[in-house]
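*Asks:* Quick one: sequence and predicted model below, then my questions.
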Amino acid sequence: MTEAEVIDGHNVTSHPSVLNNIENAGGKWHSSEVVCDKALVTSRNPDDLPVFCAKLIEEIAEGSNVRARREPQMCDPATAHLFKPAGIGH
């Protein structure tokens, strides 16, 4: 992702070990289960996959016109339930 030059100016998350690479590539790193900045949906690690997958499905269903106008979204443990469909996670 950093080598592809697609995160410059975008809000993203990742495993903390890649934080410096993201910042060096111009990304704004956040420690959050999921970060969605327009059509770019990122997560930190495999434990975040249920929330990541639910958010990705939501983004695809909304379509590109909605994403283009929306502010970046961060998801943390306190708000993760907002992105989890019933029956996923705790």
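*Replies:* Thanks, I have the structure now.
*Asks:* Now stretch 12-28: buried residues?
*Replies:* By neighbour count with 16 or more other CB atoms under 10 Å, stretch 12-28 contains the buried residues 12-14, 18, 22, 25, 27-28. The way it works is simple: take the backbone N, C-alpha and C, and place the C-beta from them, glycine included.
*Asks:* pLDDT and secondary structure added to those residues, as TSV?
*Replies:* Compiled in TSV, the buried residues of stretch 12-28 are given as follows (pLDDT from 0 to 100; DSSP: H, G, I helix; E, B strand; the rest coil):
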residue	pLDDT	secondary structure
12	94	strand
13	94	coil
14	94	coil
18	92	helix
22	93	helix
25	92	coil
27	93	coil
28	95	strand
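*Asks:* Closest to residue 48 out of those?
*Replies:* Using CB to CB, the shortest approach to residue 48 within these belongs to residue 13, at 8.3 Å.
*Asks:* List the residues that contact the closest one.
*Replies:* Under the criterion of CB atoms under 8 Å, 6 or more residues apart in numbering, the contact list for residue 13 reads 29-35, 42-44, 74.
*Asks:* Nearest residue to it in space, please, no chain neighbours.
*Replies:* Distances taken as CB to CB, 6 or more residues apart in numbering put residue 35 closest to residue 13, at 4.3 Å, once the chain neighbours are dropped.
*Asks:* quick one: the one you found is in a helix?
*Replies:* No - assignment of residue 35 by DSSP: H, G, I helix; E, B strand; the rest coil gives strand, placing it outside any helix.
*Asks:* who's it bridged to?
*Replies:* Under the criterion DSSP bridges, residue 35 forms beta bridges with residue 42, residue 74.
*Asks:* returning to what we had before: include distance to residue 50 and neighbour count when you put the contacts of residue 13 into a markdown table, please.
*Replies:* Converted to a markdown table, those look like this (distance: CB to CB, whole Å; neighbours: other CB atoms under 10 Å):
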| residue | distance to residue 50 | neighbour count |
| --- | --- | --- |
| 29 | 22 | 19 |
| 30 | 19 | 20 |
| 31 | 18 | 12 |
| 32 | 14 | 22 |
| 33 | 9 | 25 |
| 34 | 10 | 26 |
| 35 | 16 | 27 |
| 42 | 15 | 23 |
| 43 | 10 | 24 |
| 44 | 13 | 19 |
| 74 | 17 | 15 |
